[in-house]
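Visitor: after the sequence you'll find the predicted model.
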Amino acid sequence: MNQIHKDTRSNKRSIVRYTYLMIVLFLALTGFGQMPIFKRYYIADIPGLGWVARFYVTHYMHYLFAILLIVLTSHVIAEYLFINRKRIKITISGYIRGALVIGLVITGVLLVIRNLASSGFPPGFIVFLDLAHLGLVMVLLMAGLYCIILKKKWAKERFKMSKGV
């Protein structure tokens, strides 16, 4: 019975992991697609990638994947707080990457608000938001690569020592 429970948890972690990776991949692709680099460097001329040069397509896809990231992040945080807090410990690399994701969500939400007609953000703040969002993306991608190479996990199981040891 315990082995079945562990297998179910392992399968769920794999689903969450691969979903997160796909969301981040498409967020990076559509985010960089907001800049005209794909058309300028002829990446959009590759068969099947013409859509990456269309601003509104990448714009709305970016919003869609941002919503998916917020939903997935909210689910993982709620599951940790209400179910797994005593069983799982977040690692230092997990806290760092979590802070980067939260920073991206905050700057992203502020950039969405900026796009509304009634937004009155000053130009300097908009430039700061753009650079902060892009900077956080780059740091998150580098931190993710670092953690993949060195096999750093977001979290680890808490081990309880038995009284006989």
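Guide: That came in fine, so what should we check first?
Visitor: so which strand or helix has the most centrally placed residue in the chain?
Guide: With distances taken as Cα atoms, centre = their mean, residue 24 lies nearest the centre of the chain, 4.9 Å away. Residue 24 belongs to helix 2-33 when assigned by DSSP states H and E.
Visitor: one more: residue 99?
Guide: Assigned by DSSP H and E, residue 99 belongs to helix 92-114.
Visitor: run through the neighbouring helices and strands of that helix.
Guide: In terms of contacts (3 or more Cβ pairs under 8 Å, 6 or more residues apart in numbering; DSSP states H and E), helix 92-114 is packed against helix 55-79, helix 123-149. All C-beta atoms are positioned from the backbone trio N, CA, C, and that covers glycine.
Visitor: how distant is the last one from the center of its chain?
Guide: Remark: helix 123-149 is offset 11 Å from the chain centroid, using Cα atoms, centre = their mean, to the nearest Å.
Visitor: and the next element down the chain from that helix?
Guide: Heading C-terminal from helix 123-149 (DSSP H and E), you reach strand 155-157.
Visitor: quick one: average pLDDT of that following strand?
Guide: Computed over strand 155-157, the mean pLDDT rounds to 81.
Visitor: quick revisit: list the contacts of the helix holding residue 99.
Guide: Contacts to helix 92-114, defined as Cβ atoms under 8 Å, 6 or more residues apart in numbering, come from residues 63, 66, 69-70, 73, 90, 119, 121, 126, 129-130, 132-133, 136-137, 139-140, 143-144, 147, 152-155.
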